[in-house]
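[1] Take this sequence and fold it.
(2 chains)
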Protein chains: 2
Amino acid sequence: MKALGVGILGLGNVGAGTVRLLAEHRARIEARLGVPLTIRRVLVRDRARERAVDVAPELLTTDIEDVLGDPNIAIVVELMGGVEPARSYILAALRAGKHVVTANKAVLAERGAEIFAEAARVGRAVVFEGSVAGGIPLLRSLREGLASDRITGLCGIVNGTSNYILDAMTRTGAGFADALAGAQAAGYAEADPTLDVGGGDAAHKLALLALVAFGVQVDPATIPTEGISHITAFDIRAAAELGFIIKSLAIGERDEHGVGLRVHPTLVPRGHVLAGVQGAFNAVLVQSDALGPSLYYGRGAGMMPTAVAVVSDILEVARDLLAGLYSRPGPTGQVPSAIPAPIALRPLADVVCAHYLRFRAPHVPGVLGRVAACLGRHGVSIRRMSQETPSDDGSAAMVMLTEPVADGPLAAALVEAALPVTRLRLLAD
Amino acid sequence: MKALGVGILGLGNVGAGTVRLLAEHRARIEARLGVPLTIRRVLVRDRARERAVDVAPELLTTDIEDVLGDPNIAIVVELMGGVEPARSYILAALRAGKHVVTANKAVLAERGAEIFAEAARVGRAVVFEGSVAGGIPLLRSLREGLASDRITGLCGIVNGTSNYILDAMTRTGAGFADALAGAQAAGYAEADPTLDVGGGDAAHKLALLALVAFGVQVDPATIPTEGISHITAFDIRAAAELGFIIKSLAIGERDEHGVGLRVHPTLVPRGHVLAGVQGAFNAVLVQSDALGPSLYYGRGAGMMPTAVAVVSDILEVARDLLAGLYSRPGPTGQVPSAIPAPIALRPLADVVCAHYLRFRAPHVPGVLGRVAACLGRHGVSIRRMSQETPSDDGSAAMVMLTEPVADGPLAAALVEAALPVTRLRLLAD
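    Okay, here's the model as predicted:
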């Protein structure tokens, strides 16, 4: 009986979890595949560093050629993160005839076109369940489970750090800075949290979701992306009084006019299924023609949850490999793997939805009337409005909830009102 | 280019939905498979009957041999429901070298051992995503997405009819009979609702979930199963006052001592993710070692949702077939497909959980004390207790919530109390 060899690139959190799962389930994996699965090489930066998992020292290497040159390694598992050298190593692995499993959303969102094209050219697989929503079998569900359906929309919490922070703000009344510090102390946010709280991580994931769900290729830099650092304790409270919870959502929609993608904090009605997603959990609500709504929920990050996705991907590739099936469909499910040309997204200005507006104005007669008149002149109707008790400086915070409106008229009205306004979108019904 | 032929057995609701999806997505399916997928025969009982979908008359047949004998049919799709003749036709199709897709939980739960053994013997696939939770890609997620993890528990709403009725009772205050009549009028319950409201349908699905999630074979007749017809408007109200929603749950647990399965109405805390599942929706919460909790939610029945699962299964089998992979792993994911021997379930008496007790007693001094004393003598602690205003006949309804307790002591205490008591289990924390 021949063993199937695996090479792992990177032995951080997810790498260690992957090594641990492969060891723990050795017997079950062999029962599933019919042959043992063995780790033949682990690429690390520093062989001497302490690890969260036991790896035989002779497996560790700092030279990528030890992985690429081993003819017994059939599957390369890239868990280094970031664009380079991950991109170069993935391309080199494909050219060396290896199949690739990765959990690296950055490299696929930024350089996916090149990577998938190379995979198609050499007839090797690139699978990436772990790159979006951690261990939740979300991409697999979109690609296989809904293969027979047409997905028209998806909407979800795909960045656990942002959700953890907003959830803490909602539960404790803390401001953004305090909640971020708490998340950092609890290990849910990085020292530099920019990619998470700025929405960039969610935009990477949304680009991959759009690839699998809609079959389109999108430059993540073109996705309208808004972070959560401007959300205040006042916003959380005001939204709650209006019956909403603020969540950072990645939203994708497609219709006959094209595909729209966006990442932004969103007012979600309290009873909505996404409103109840707490802490660092992820959840994605998918809308498709025949099935209607379906939801996938679980831990979207972390050592063991992401390792579940990685090892399940390894098993999928291994099973096909052992069955003599050397080529898998590409990310959009088509054979031969078709890499779509990049598309331009529908502009955010096309999105019609209700808005939450918060501004601070001098507490003098006529201010509210002036703002309301500006909105009215541009056809923006106000659904609800509330005003705080004026503070000592004589100004008062005001909140308005508009009826659904397109971006253009609203923006024009706000320019005319000449007040700094914080705008948040409401989840469309 | 050669077409791949499909034969469909049964043209009811799900059969019509399947035909419709295959037609609607013809181009996408061909792009996915590389060849067209064509329906070559549809077995019906009556060729003259009106159908919910257009099928060329020459495809309809009342003779199973027209399907079995067509060498161009590679995949037989069984959508007749019930045990016979579905079982005979599935076995005959396998012996004729066909792969089988089915959405029939009854035949697999009752005769799965025989069917999977035959499939393994002849090296053909039997896939059945549509048999549990309709279009939600649940079995696929358990089998593939969590292939690398160890599933320890699952708990879910898998019968839409029961959930629709309990949800209506919760929202409107109606009694069981009225809510059932409403569900029947709305098309969510059959004229004979026994299999749904009695829990038998959920037990069938739970047996299949246990096969895929735990790799065990269970006779569904041995699953402790309790329906919902004894739940009263009073129970719904009393549970709500205590902070619970009553849901009919299918529950599976496994640990080192074995596997326990049960179907019964359950008091679920109001904030729990399953408490919010409304109408005829399904949702299954899965617990696994590395991933932790994950949830799968969507429409669990109906023409198009179930057709999504059926057509996705057809595509999966077709893709493997076209790639020259003629044998798939069996329901437990092992190759060669291993059909486990039937196991005995852990007795329900082993389940330790809190209970809701409702009884009616004469409103005379000492009754409550007597019941409480009986419970106390058997070590059953009472967490909360409430009593209705006595009715005209001088009796009063009482509700008790116990601390977690095993079945044996509780049953003994209730025998000693010598009062007819309605018992409902609480969801364990």
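
[2] of all the residues in the stretch 101-250 of chain A, which ones are close to chain B?
    By the rule C-beta under 8 Å from any C-beta of the partner chain, the part of the stretch 101-250 of chain A lying against chain B is A:129, A:134-137, A:140-141, A:144-150. Quick note: C-beta positions are derived from backbone N, CA and C, even for glycine.

[3] can you redo those as TSV with neighbour count and secondary structure?
    Converted to TSV, these look like this (neighbours: other C-beta atoms under 10 Å in any protein chain shown; DSSP: H, G, I helix; E, B strand; the rest coil):
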residue	neighbour count	secondary structure
A:129	29	helix
A:134	30	coil
A:135	32	coil
A:136	31	coil
A:137	29	coil
A:140	22	helix
A:141	27	helix
A:144	24	helix
A:145	33	helix
A:146	26	coil
A:147	23	coil
A:148	28	coil
A:149	28	coil
A:150	17	coil
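
[4] in terms of contact, does residue A:124 touch residue A:98 like I think?
    Yes. Counting by C-beta atoms under 8 Å, residue A:124 does reach residue A:98; the two are 6.7 Å apart.

[5] Over to the closest residue to chain B within the stretch 301-429 of chain A. Which of the three states is it?
    Here the stretch 301-429 of chain A gets closest to chain B at one residue, residue A:311, 3.3 Å apart by C-beta to the nearest C-beta. At residue A:311 the chain is in helix, as set by DSSP: H, G, I helix; E, B strand; the rest coil.

[6] quick one: the strands in the stretch 51-200 of chain A?
    Using DSSP state E, counting those that start in this stretch, the strands of the stretch 51-200 of chain A run over A:60-61, A:73-78, A:99-102, A:126-127, A:151-157.

[7] Any chance of CSV for those, columns mean neighbour count?
    Shown next, in CSV, are those (neighbours: other C-beta atoms under 10 Å in any protein chain shown):
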stretch, mean neighbour count
strand A:60-61, 17
strand A:73-78, 26
strand A:99-102, 28
strand A:126-127, 24
strand A:151-157, 23
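
[8] can you list the ones you listed in a markdown table and add mean pLDDT?
    Formatted as a markdown table, the strands of the stretch 51-200 of chain A follow (pLDDT from 0 to 100):
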| stretch | mean pLDDT |
| --- | --- |
| strand A:60-61 | 96 |
| strand A:73-78 | 97 |
| strand A:99-102 | 97 |
| strand A:126-127 | 94 |
| strand A:151-157 | 97 |
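
[9] Quick one: closest of the ones you listed to residue B:405.
    Proximity to residue B:405 (C-beta to C-beta) singles out strand A:151-157 among the strands of the stretch 51-200 of chain A, at 38.0 Å.

[10] how about low-confidence regions in chain A?
    Residue ranges of chain A with pLDDT under 70: A:1, A:325-329, A:334-338, A:429.

[11] which residues touch residue A:260?
    Residues in contact with residue A:260 (C-beta atoms under 8 Å, 6 or more residues apart in numbering or on different chains) are A:251-254, A:345-346, A:348, A:350-351.

[12] So in terms of bridging, what pairs with it?
    residue A:253 (DSSP bridges).

[13] any idea how far residue A:108 is from it?
    Between residue A:260 and residue A:108 the computed distance is 21 Å (C-beta to C-beta, to the nearest Å).

[14] circling back: please spell out the PyMOL selection for the buried subset of the contacts of residue A:260.
    Restricted to buried positions by 16 or more other C-beta atoms under 10 Å in any protein chain shown, the PyMOL selection for those reads:
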select buried, chain A and resi 251+252+253+254+345+346+348+351
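
[15] JSON lines please, covering the contacts of residue A:260 and showing distance to residue A:93.
    Below are these laid out as JSON lines (distance: C-beta to C-beta, whole Å):
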{"residue": "A:251", "distance to residue A:93": "34"}
{"residue": "A:252", "distance to residue A:93": "30"}
{"residue": "A:253", "distance to residue A:93": "35"}
{"residue": "A:254", "distance to residue A:93": "33"}
{"residue": "A:345", "distance to residue A:93": "31"}
{"residue": "A:346", "distance to residue A:93": "36"}
{"residue": "A:348", "distance to residue A:93": "38"}
{"residue": "A:350", "distance to residue A:93": "41"}
{"residue": "A:351", "distance to residue A:93": "40"}
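
[16] quick one, domains of chain A?
    Following automatic domain parsing, one gets these domains for chain A: A:4-135+A:303-322, A:138-299, A:352-426.

[17] Distance to residue B:70 for those domains - can I get that in JSON lines?
    Below are those laid out as JSON lines (distance: least, C-beta to C-beta, whole Å):
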{"stretch": "domain A:4-135+A:303-322", "distance to residue B:70": "29"}
{"stretch": "domain A:138-299", "distance to residue B:70": "23"}
{"stretch": "domain A:352-426", "distance to residue B:70": "52"}
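
[18] Out of these, flag the one nearest residue B:315.
    Nearest of the domains of chain A (C-beta to C-beta): domain A:138-299, 4.9 Å.

[19] Is it correct that residue A:115 is in contact with residue A:127?
    No. Applying C-beta under 8 Å, one finds residue A:115 not in contact with residue A:127, separated by 11.6 Å.

[20] Enumerate every residue touching residue A:359.
    Contacts of residue A:359 were listed using C-beta under 8 Å, 6+ apart, and they are A:371, A:397-398, A:419-422.

[21] How about it: which residues does it bridge to?
    Under the criterion used (DSSP bridges), residue A:359 bridges to residue A:398, residue A:421.

[22] Just the element for the residue of chain A positioned farthest from its centre, please.
    Distance from the centre of chain A peaks at residue A:365, with 45.8 Å (C-alpha atoms, centre = their mean). Following DSSP states H and E, one finds residue A:365 outside all helices and strands.

[23] From residue A:418, how far out is it?
    Taking C-beta to C-beta, one finds residue A:365 at 18 Å from residue A:418.

[24] Equivalent analysis for residue A:305, please.
    For residue A:305, the distance to residue A:418 equals 48 Å [C-beta to C-beta].

[25] same deal with residue A:189?
    Distance, residue A:189 to residue A:418, using C-beta to C-beta: 36 Å.

[26] out of these two, which sits in the busier spot?
    Here residue A:189 and residue A:418 are compared on neighbour count by other C-beta atoms under 10 Å in any protein chain shown; more neighbours surround residue A:189, at 22 against 10.

[27] which residues sit in contact with that one?
    A:161, A:164-165, A:180, A:183, A:196-197.

[28] Try it again at 10 Å.
    Contacts of residue A:189 were listed using C-beta atoms under 10 Å, 6 or more residues apart in numbering or on different chains, and they are A:160-162, A:164-165, A:179-183, A:196-197, A:280.
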